[in-house]
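# task: produce atomic coordinates for the following.
(one chain, ligands or ions: 2)
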Amino acid sequence: MDTKVLTIEEHQINREFIQQAGKFLKEGKSIAFPTETVYGLGGNALDPHASAKIYEAKGRPSDNPLIIHIADMDDLPYIVKEVSEQAKALAKTFWPGPLTMIFKKSDVVPYETTGGLETVAVRMPNHPIALELIRQGGKYVAAPSANTSGRPSPTCAKHVIEDLKGRVDVIIDGGDVGIGLESTIIDMSAEVPTILRPGAITQEMLQQVIGDVLVDPGLQVDKHTKPKAPGMKYKHYAPKAELIIIEGEIDKVVETINQMVLKDKKDGKKSGVIGTDDTIHLYQSQVVKSIGTRKKEETIAKHLYGVLREFDEIDIDRIYSESFKTPKLGQAIMNRLLKAAGHHVIKV
Ligand code: TXA
Ligand code: MG
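Ligands and ions are numbered 1, 2, ... in the order given. From the prediction side, this is the model:
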């Protein structure tokens with residue numbers, strides 16, 4: 001397949017072009033586009049063939065449901081059975097934004113889009129290109145993250161091109177994303193609203209608006225509980241090298257990592273380090289990458305997937321990473337990092 005790559009400036013949207021891209025969506029074509037969380041791979045959510053194409057391009061199991069992206073609140077009732085007062089309050093506070101809500105689906109939503117489920121995930125992204133594309137493309141755009149299944153979600157067009165060039169019709173390059181981690185998912189069809197995937201909208205922020213919010217027990221480290229979001233059960237991205245998280249007071253973490261790097265060197269193994277702007281000068285490894293700064297936790301979220309991808313491009317046996325239990329985004333960051341590390345944590 002010939003993939004067109006088109007560059008658009010976020011603040012100078014070429015409407016004619018988006019109109020064309022919207023027409024493609026209506027015709028059943030697949031288009032990768034930027035959102036504020038990660039890049040998405042869009043198709044017409046109400047067309048079962050378009051959804052099938054998305055699964056195929058990503059190499060994704062077809063029982064793993066897609067999120068439907070909308071641009072206007074008025075478009076929500078058509079695809080869901082009921083919008084509760086709580087859901088309305090969350091939408092009012094956090095949409096457009098990095099929050100996905102799960103509802104009981106209406107009959108117009110094909111099972112191909114929901115992976116056979118009676119519920120549907122819906123999000124209104126906060127990105128001018130995404131919103132315009134959705135409006136021009138028939139209002140309902142199913143979009144999983146635009147990576148091949150098993151790789152980290154893409155946070156810039158280069159990542160999308162690496163994974164999907166030749167497998168999708170169009171890639172819109174709208175620059176780097178703002179957040180870098182996928183949206184928070186909250187199940188509004190549960191008796192008590194329940195977080196199925198942590199993201200930039202935290203449990204505390206949700207509770208401030210609607211009171212009680214639970215966290216799916218499947219998100220705990222305990223591997224015996226099955227996560228409720230089907231996508232959370234699949235083997236997640238793991239870098240080619242062994243990834244180990246070192247947790248504790250920062251001085252001790254640095255000291256431990258330096259000792260381990262030295263030992264690896266003696267054993268003929270190559271190892272690298274994920275630190276921050278605040279610590280990278282303290283490491284004695286040949287490959288040290290900064291993920292951001294603890295003074296601005298958003299920078300850590302934003303660079304996590306990119307740094308993991310970079311390590312896959314170099315020949316290395318082990319990666320040691322600091323732990324990032326930062327105040328607001330820490331839960332979402334550690335959810336992704338722990339999975340990438342297969343929960344391999346050394347406490348010091
Ligand atoms: O930030 C995001 O949410 C990005 C951007 C592109 O919007 N999208 C994204 O989509 O992360 P995806 O497909 O990579 O992840 C969607 C997650 C999966 O874990 C899936 O299992 C879960 O949402 N999900 C979708 N529909 C669901 C449903 N009806 N019930 C439970 N989980 C659902
Ligand atoms: Mg994904």
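# isn't Leu131 up against Asp75?
No. Between Leu131 and Asp75 there is no contact under C-beta atoms under 8 Å: 11.6 Å. C-beta here means a position set from N, CA and C on the backbone, and glycine is covered the same way.
# and Thr100, how far from Ile67?
According to C-beta to C-beta, to the nearest Å, Thr100 and Ile67 sit 5 Å apart.
# list residues touching both of these two?
Jointly contacting Thr100 and Ile67 under the rule C-beta atoms under 8 Å, 6 or more residues apart in numbering are Ala121, Val122, Arg123, Ser183.
# quick one: which of these sit in strands?
Those of the shared contacts of Thr100 and Ile67 mapping onto strands are Ala121, Val122, Arg123, per DSSP state E.
# quickly name whichever of those is closest to Val160.
Nearest to Val160 among these is Arg123, at 18.5 Å by C-beta to C-beta.
# next, count neighbours for that closest one.
By other C-beta atoms under 10 Å, 26 other residues sit near Arg123.
# before we move on, what about Lys165?
Lys165, neighbours per other C-beta under 10 Å, totals 14.
# chain neighbours aside, what residue packs nearest to it?
Nearest residue to Lys165, sequence neighbours excluded (C-beta to C-beta, 6 or more residues apart in numbering): Thr3, at 5.0 Å.
# please apply the same query to Arg167.
Ala57 (4.3 Å).
# helix or strand: which one has that neighbour?
Under the criterion of DSSP states H and E, Ala57 resides in helix 48-58.
# and that helix, which residues are buried?
Buried positions in helix 48-58, judged by neighbour count with 16 or more other C-beta atoms under 10 Å: Ala50, Ser51, Ala52, Lys53, Ile54, Tyr55, Ala57, Lys58.
# now do stretch 323-332
The neighbour-count check on stretch 323-332 (16+ other C-beta under 10 Å) flags Ser323, Phe324, Thr326, Leu329, Gly330, Gln331, Ala332 as buried.
# returning to that earlier point: any idea how far Pro48 is from the residue nearest to Arg167?
15 Å.
# do the same with Phe17
Using C-beta to C-beta, Phe17 is found at 27 Å from Pro48.
# Pro154 now?
For Pro154, the distance to Pro48 - C-beta to C-beta - is 25 Å.
# just Leu25 next, same as before
From Leu25 to Pro48 the distance is 15 Å (C-beta to C-beta).
# just want the most central residue of this structure.
Closest to where the C-alpha atoms of the chain average out (C-alpha atoms, centre = their mean) is Glu182, at 2.6 Å.
# was I right about that residue contacting Glu36?
No. When contacts are counted by C-beta under 8 Å, Glu182 is not listed as touching Glu36 (10.8 Å).
# common neighbours of the two, please.
Jointly contacting Glu182 and Glu36 under the rule C-beta under 8 Å, 6+ apart are Pro98.
# tell me, how many residues neighbour the residue of the stretch 51-200 of the chain found nearest ligand 1?
Closest to ligand 1 within the stretch 51-200 of the chain is Pro144: 2.9 Å, counting by C-beta to the nearest ligand atom. When counting by other C-beta under 10 Å, one arrives at 24 neighbours for Pro144.
# contacting residues for it?
Counting by C-beta under 8 Å, 6+ apart, Pro144 has contacts Gly40, Leu41, Ile54, Lys58, Arg60, Asn64, Leu66, Ile67.
# tell me the spacing between the fourth one and Asp163.
Computed with C-beta to C-beta, the distance linking Lys58 and Asp163 is 8 Å.
# could you do the first one as well?
Using C-beta to C-beta, we find Gly40 at a distance of 13 Å from Asp163.
# same check on Leu304?
17 Å.
# check His11 too.
Going from His11 to Asp163 by C-beta to C-beta gives 27 Å.
# the more surrounded of these two?
For His11 versus Asp163, the count of surrounding residues by other C-beta under 10 Å is larger for Asp163: 26 against 7.
# Ser149 is in contact with the more buried one, correct?
No. Distance between Asp163 and Ser149: 9.5 Å, which falls outside the contact criterion (C-beta under 8 Å).
# what's the neighbour count on Thr148?
The number of residues packed near Thr148 is 16, by other C-beta under 10 Å.
# and it, that's in a helix?
No. Per DSSP: H, G, I helix; E, B strand; the rest coil, Thr148 lies outside any helix segment and is coil.
# distance check, it against Tyr283.
With distances taken as C-beta to C-beta, Thr148 is found 31 Å from Tyr283.
# hmm, back to that, Leu131 and Asp75: which is more packed in?
Looking at Leu131 and Asp75 with other C-beta under 10 Å, you find the greater number of neighbours at Leu131, namely 20 against 16.
# Three-state assignment for that one, please.
What three-state DSSP gives for Leu131 is helix.
# where's Leu338, which helix or strand?
Here Leu338 is assigned to helix 330-340, by DSSP H and E.
# does anything pack onto that helix? Which helices or strands?
Secondary structure elements in contact with helix 330-340, counted by 3 or more C-beta pairs under 8 Å, 6 or more residues apart in numbering; DSSP states H and E, are strand 242-247, helix 297-312.
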